[in-house]
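1. Curious how this folds, go ahead:
(chains A, B, C and D)
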Protein chains: 2
Amino acid sequence: MKSIQKQLDRAQFGGKPVALQTIERLSTYRRVLEDLHAKGIQYVYSHQLAEYVDVTPAQLRRDLSAFGSFGNISRGYNVQRLITTLSELLGTSNIQPVALVGVGNLGRTLLSYRGFEERGFSLRVVFDNDPAKIGRVIAGRRCFDIREAETVLRDQPVEIAILACRPQGIQGVVDRLAAAGVKSILSFVPAIIDVPPGIHIEMEDISAKLEKLSFLAKNRPAKPAYGYEKGRTTM
Amino acid sequence: MKSIQKQLDRAQFGGKPVALQTIERLSTYRRVLEDLHAKGIQYVYSHQLAEYVDVTPAQLRRDLSAFGSFGNISRGYNVQRLITTLSELLGTSNIQPVALVGVGNLGRTLLSYRGFEERGFSLRVVFDNDPAKIGRVIAGRRCFDIREAETVLRDQPVEIAILACRPQGIQGVVDRLAAAGVKSILSFVPAIIDVPPGIHIEMEDISAKLEKLSFLAKNRPAKPAYGYEKGRTTM
DNA sequence: CTGCTATTGTGTACACAGTCACAAACCGTG
DNA sequence: CACGGTTTGTGACTGTGTACACAATAGCAG
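-> Here you go, the predicted model:
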């Protein structure tokens, strides 16, 4: 058995543990706050914001309180300031460079996706292992050999990488990226990966999501689930 | 405030509630079992399979026991049979037709993704709202007007749909799909959606995932997390 | 046939995310 | 200036997902 770091299910902030689900909700809060800001709204109460994102007001307040006190006790939360705070927490106050591994169909789609820039990310460095692609310029970025990751990333440091390549040799890719200083990886590759120490990997398996939805489509609760309450999917 | 069904966090099976996280793990088990089957392995013990997917053996056994008893008490689990069982549970014993809404960059990438067929799904029906695309044949599928969803899906019923379109008018799209008999929706559209009763929606927000990873990259626990234990990311 | 080993399925215990509810605090008003 | 109304932040509680540990049992060897 290999000795590798246990995949965390909790993060740390100021020494206190924070549930990863909390972090995920922060993203949603920020996105909705951007909408409110665009509408010129300056203050929101927890119950208003909670209504939008379909959580309880208490949940929202507790999520935020894990990082400090940001609310005015009778005006609620300053939209502009809360956006700034959340952006700092999520590390997207400044545009953050991201590496992409694999320039197949999916890779090119990601390269042309404008949503990243809007949310503070930019695919700056592109890798592949296909000699036909290495050296060429794809969607404005020069494509590097994945085997030179360590060299390339020395000049253009990157903390986050996205994997959109084939499963073959994926472990080597991950190890290389880790050695090159990458801290977090988003993988679209359905494969088992040993996680190097200090690295966090997030899997994105679309087929698995479909399987879950398939199960839910077949095994729907008989009665419409405890009467019709409010419910909303946010993102 | 609208009266819509509360988004579930639990599924039902045989009257008993099942955690959604359990369902998600079933996908992983099945995928790993396929690998083992391909290697000619006929039986696995819970601790072996658990090792691969990085859960405790007890967790694995409990997950399966929510749906019945499948293990032989001293040979372990029959790989072939467990795959069949899991496929039936996930509803992918037979290829399942899926509808796709939106044939932009992402939509076309999904259309050309071969991984779906391998896991029991097939993008059969394609919609868009762009007059330039409606009626044309894209990647072998004729593209229909989303406004005709109800008519089209009467001939080709579909329980699952994927949203890969613009946020504008997304609520109308969802309502139309629900009216057309769609039960589950996987949405790549970052937007707030009111969930019609009886429908389950799964959000896929890649930027949100990056934000989470960004947070983790910045707020890494100081010490290497309780010593180096085993850990592995599976999919 | 009997005894031994190893594994499953599950009752039980625990830890923690989410909810409730309230004290403290701010604002506006009279 | 005091007071009523409203909101935040948080201690206490609850529900539930996960881990532990063992009884029940199948296989196998002698």
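2. check contacts around A:S184.
-> Shown in contact with A:S184 (C-beta atoms under 8 Å, 6 or more residues apart in numbering or on different chains): A:E159, A:I160, A:A161, A:I199, A:H200, A:I201, A:E202, B:L213, B:S214, B:L216, B:A217. (C-beta placed from N, C-alpha, C; glycine too.)
3. low-confidence ranges in chain A?
-> Across chain A, the ranges flagged by pLDDT under 70 are A:1-6, A:221-232, A:235.
4. domain parsing for it?
-> Structurally, chain A divides into domains by automatic domain parsing as follows: A:10-88, A:96-204.
5. where does chain A come near DNA strand D, residue by residue?
-> Residues of chain A that fall close to DNA strand D, judged by C-beta under 7 Å from any atom of the strand: A:45-47, A:57-58, A:61-62, A:64-65, A:69-74, A:76-77.
6. Would you check how far apart A:S187 and DNA strand D are?
-> Counting by C-beta to the nearest atom of the strand, to the nearest Å, the separation of A:S187 from DNA strand D is 20 Å.
7. what helices or strands is the top helix by length along chain A leaning on?
-> Ordering each helix of chain A by length in residues (DSSP state H) puts helix A:20-38 first. Contacting helix A:20-38 under the criterion 3 or more C-beta pairs under 8 Å, 6 or more residues apart in numbering or on different chains; DSSP states H and E are the following elements: strand A:10-13, helix A:46-53, helix A:57-65, helix A:79-90, helix B:206-218.
8. which parts of the shortest one are buried?
-> Looking back up the chat, that one is strand A:10-13. Neighbour counts over strand A:10-13 (16 or more other C-beta atoms under 10 Å in any protein chain shown) mark A:A11, A:Q12, A:F13 as buried.
9. quick one: strands adjacent to the helix or strand where A:V18 lies?
-> Element membership for A:V18 (DSSP states H and E) is strand A:16-19. Using DSSP bridges, strand A:16-19 pairs in its sheet with strand A:10-13 (antiparallel).
10. Other residues contacting the partner strand?
-> Applying C-beta under 8 Å, 6+ apart, the set of residues contacting strand A:10-13 is A:17-20, A:23, A:66-67, B:215-216, B:219-222.
11. So which bits of chain A are right by DNA strand C?
-> A:9-10, A:17, A:19, A:21-22, A:55-56, A:58-59, A:61-62, A:72-75.
12. which of these sit farthest apart?
-> A:D9 and A:S74 (36.6 Å; C-beta to C-beta).
13. out of these two, which sits in the more crowded spot?
-> Ranked by neighbour count (other C-beta atoms under 10 Å in any protein chain shown), A:D9 and A:S74 place A:D9 first, with 9 against 6.
14. before we move on, back to that, let me know the closest of the contacts of A:S184 to DNA strand D.
-> Closest to DNA strand D out of those is A:E202 (16.4 Å), distances taken as C-beta to the nearest atom of the strand.
15. hang on, the closest one packs against B:L213?
-> Yes - using C-beta atoms under 8 Å, A:E202 is in contact with B:L213, at 5.7 Å.
16. of these two, who's got more company?
-> Counting neighbours by other C-beta under 10 Å for A:E202 and for B:L213 shows that B:L213 has the greater number, 26 against 17.
17. who's in contact with that one?
-> For B:L213, the contacting residues are A:I160, A:S184, A:I185, A:L186, A:H200, A:E202, by C-beta under 8 Å, 6+ apart.
18. One more pass at 10 Å, please.
-> A:23, A:90-91, A:98, A:121, A:159-162, A:183-186, A:200-202 (C-beta atoms under 10 Å, 6 or more residues apart in numbering or on different chains).
19. quick one on the thing from earlier: out of the helices and strands packed on helix A:20-38, which comes closest to A:T151?
-> Taking C-beta to C-beta, helix B:206-218 is the member of those nearest to A:T151, at 21.1 Å.
20. So what would you say the end-to-end distance of stretch A:38-46 is?
-> Stretch A:38-46 has an end-to-end distance of 18 Å (C-alpha to C-alpha, to the nearest Å).
21. Can you name the residues in contact with it?
-> With C-beta under 10 Å, 6+ apart as the test, stretch A:38-46 has contacts from A:29, A:32-33, A:35-36, A:48, A:50-52, A:55-64, A:71-72, A:74-82.
22. now do stretch A:151-158
-> By C-beta under 10 Å, 6+ apart, the surrounding residues in contact with stretch A:151-158 are A:96-100, A:123-127, A:142, A:144-146, A:148-149, A:159, A:161, A:176-177, A:179-184, B:217.
23. Give me the buried positions along it.
-> Neighbour counts using 16+ other C-beta under 10 Å place A:V152, A:L153, A:V158 of stretch A:151-158 among the buried residues.
24. Please state the offset of it from the chain centre?
-> How far stretch A:151-158 lies from its chain's middle: 21 Å, per C-alpha atoms, centre = their mean, to the nearest Å.
25. can you check stretch A:165-176 too?
-> Centre to centre, stretch against its chain (C-alpha atoms, centre = their mean), the figure for stretch A:165-176 is 20 Å.
26. related to what we said a few turns ago, list just the nearest of the contacts of strand A:10-13 to DNA strand C.
-> Nearest member of these to DNA strand C, counting by C-beta to the nearest atom of the strand, is A:A19, at 3.5 Å.
27. Tell me how far that closest one lies from A:Q59.
-> Here A:A19 is placed at a distance of 11 Å from A:Q59 (C-beta to C-beta, to the nearest Å).
28. who's more crowded, these two?
-> Just comparing A:A19 and A:Q59: by other C-beta under 10 Å the higher neighbour count belongs to A:Q59, 16 against 13.
29. what's the nearest residue to the more buried one if we skip its chain neighbours?
-> In space, and not counting its chain neighbours, A:Q59 is closest to A:A50: 7.0 Å by C-beta to C-beta, 6 or more residues apart in numbering or on different chains.
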